[in-house]
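Undergrad: pasting the sequence and the predicted coordinates here, then a few questions.
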Amino acid sequence: MLPGVTDRPDIVVTALSTTPVKGLRVVGTQAVTLDDSGAPDDRRFYLVDERGWMVNGKNIGDLSTIVAGYDHATRALALTFGDGCIVTGTVELGDPIDTRFFSRPARAQPVLGAFSGALAEHAGRPLRLVESVGRAAVDRGRRGGVSLISQASLTALARAAGAEAVDARRFRMLVQIDGVAPHEEDAWIGARVRVGEALVRFGGHVGRCLITSRHPESGIVDLPTLDVIRGYRRGVDATEPLPFGVYGEVVEPGRVAVGDPVRLES
């Protein structure tokens with residue numbers, strides 16, 4: 001058994017958070033069914049600027065004021081803006097275009113209808129809503145289809161920041177767990193862990209960026225998360241700078257629900 005990785009019945013899933021549009025507010029859900037790319041509709045869509053480069057909440061903070069809902073069966077998408085305005089419609093796609101997803105080239109199809117116009121008006125700059133071709137719009141593709149953080153790590157960060165608590169939604173993680181020590185999930189890198197019915201092999205740390213300093217609903221910068229992580233996580237042997245949480249790939253698909261056990265498989 002790897003150091004720090006335990007097989008205890010008290011380790012459980014306490015929250016699941018997704019958004020169908022990368023950059024918009026993450027919302028809690030009671031269950032997801034993971035396939036080999038992660039949660040199928042999580043970050044299915046993303047936003048690009050006039051150059052075709054992906055933009056997210058790091059670039060435009062108040063994207064967090066928008067909540068997206070998506071029905072896989074009917075392809076119905078709804079965007080609810082902070083002022084109560086709702087834009088809805090069935091997803092229809094244009095011809096594929098070339099985009100840049102972070103530093104990588106990526107093919108995507110523009111989503112037709114009123115969505116892009118409403119998002120551009122809200123942001124005060126040109127934006128286009130697109131659907132990724134062949135993969136979900138998660139940062140690390142299939143190898144990062146699952147991201148995970150523990151409540152104990154969030155509590156440790158809050159203590160280091162002198163805050164009463166830190167909202168997990170800042171970190172936009174798919175799975176939140178409880179029942180482990182602070183940052184015990186670091187030791188899961190390289191391990192295969194059963195999360196609910198799914199089996200996940202964790203591959204590395206999630207390195208953090210400016211978006212975590214923004215309030216998860218208003219998008220306003222209100223907590224110096226990067227400075228705090230840099231200070232109290234200094235010296236950690238990590239796969240990425242400013243490590244907070246871990247990511248992995250789905251080895252065996254399955255359903256994961258709030259309250260499900262989490263245990264080492266091998």
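TA: Thanks, I have it. Numbering: from 1, shown residues only.

Undergrad: and the chain, what are its domains?
TA: 12-37+141-264, 45-132 (automatic domain parsing).

Undergrad: start to end distance for the last one?
TA: Spelled out, it's domain 45-132. Domain 45-132 has an end-to-end distance of 6 Å (criterion: Cα to Cα, to the nearest Å).

Undergrad: please apply the same query to the longest one.
TA: Taking Cα to Cα, domain 12-37+141-264 runs 12 Å from one end to the other.

Undergrad: quick one, which of the domains of the chain is packed in tightest?
TA: Sort the domains of the chain by mean neighbour count, taking mean count of other Cβ atoms under 10 Å, and domain 12-37+141-264 sits at the top with a mean of 19. Any C-beta I mention is one placed from the backbone N, CA and C, and that applies to glycine too.

Undergrad: now it: average pLDDT?
TA: Mean pLDDT, domain 12-37+141-264: 96.

Undergrad: what does stretch 122-133 rub up against?
TA: For stretch 122-133, the external contacting residues (Cβ atoms under 8 Å, 6 or more residues apart in numbering) are 21, 44-50, 55, 60, 62-63, 66, 81, 91, 93, 96-97, 99, 101, 106-111, 115-116, 119-120.

Undergrad: pLDDT averaged over it - what is it?
TA: The model assigns stretch 122-133 a mean pLDDT of 95.

Undergrad: show me where this structure has helices.
TA: 115-123, 151-161, 225-232 (DSSP state H).

Undergrad: and the second one with helix 225-232, angle?
TA: With axes from the mean of the first three to the mean of the last three Cα atoms, to 10 degrees defining the directions, helix 151-161 sits at 90 degrees from helix 225-232.

Undergrad: helix 151-161: how far from the chain's middle?
TA: Relative to the centre of its chain, helix 151-161 is centred 19 Å away, using Cα atoms, centre = their mean, to the nearest Å.

Undergrad: now do stretch 28-48
TA: 9 Å.

Undergrad: check stretch 167-186 too.
TA: For stretch 167-186, the distance to the chain centre is 12 Å (Cα atoms, centre = their mean).

Undergrad: hang on, the earlier thing: let me have the helices of the chain in JSON lines, extended by distance to residue 25.
TA: Formatted as JSON lines, the helices of the chain follow (distance: least, Cβ to Cβ, whole Å):
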{"stretch": "helix 115-123", "distance to residue 25": "13"}
{"stretch": "helix 151-161", "distance to residue 25": "18"}
{"stretch": "helix 225-232", "distance to residue 25": "17"}
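
Undergrad: residue 246 is nearest to which of these?
TA: When the helices of the chain are ranked by distance to residue 246, counting by Cβ to Cβ, first place goes to helix 151-161 at 9.9 Å.

Undergrad: hmm, back to that, wait, which of the helices of the chain is closest to residue 256?
TA: Per Cβ to Cβ, nearest to residue 256 of those: helix 151-161, 16.5 Å.
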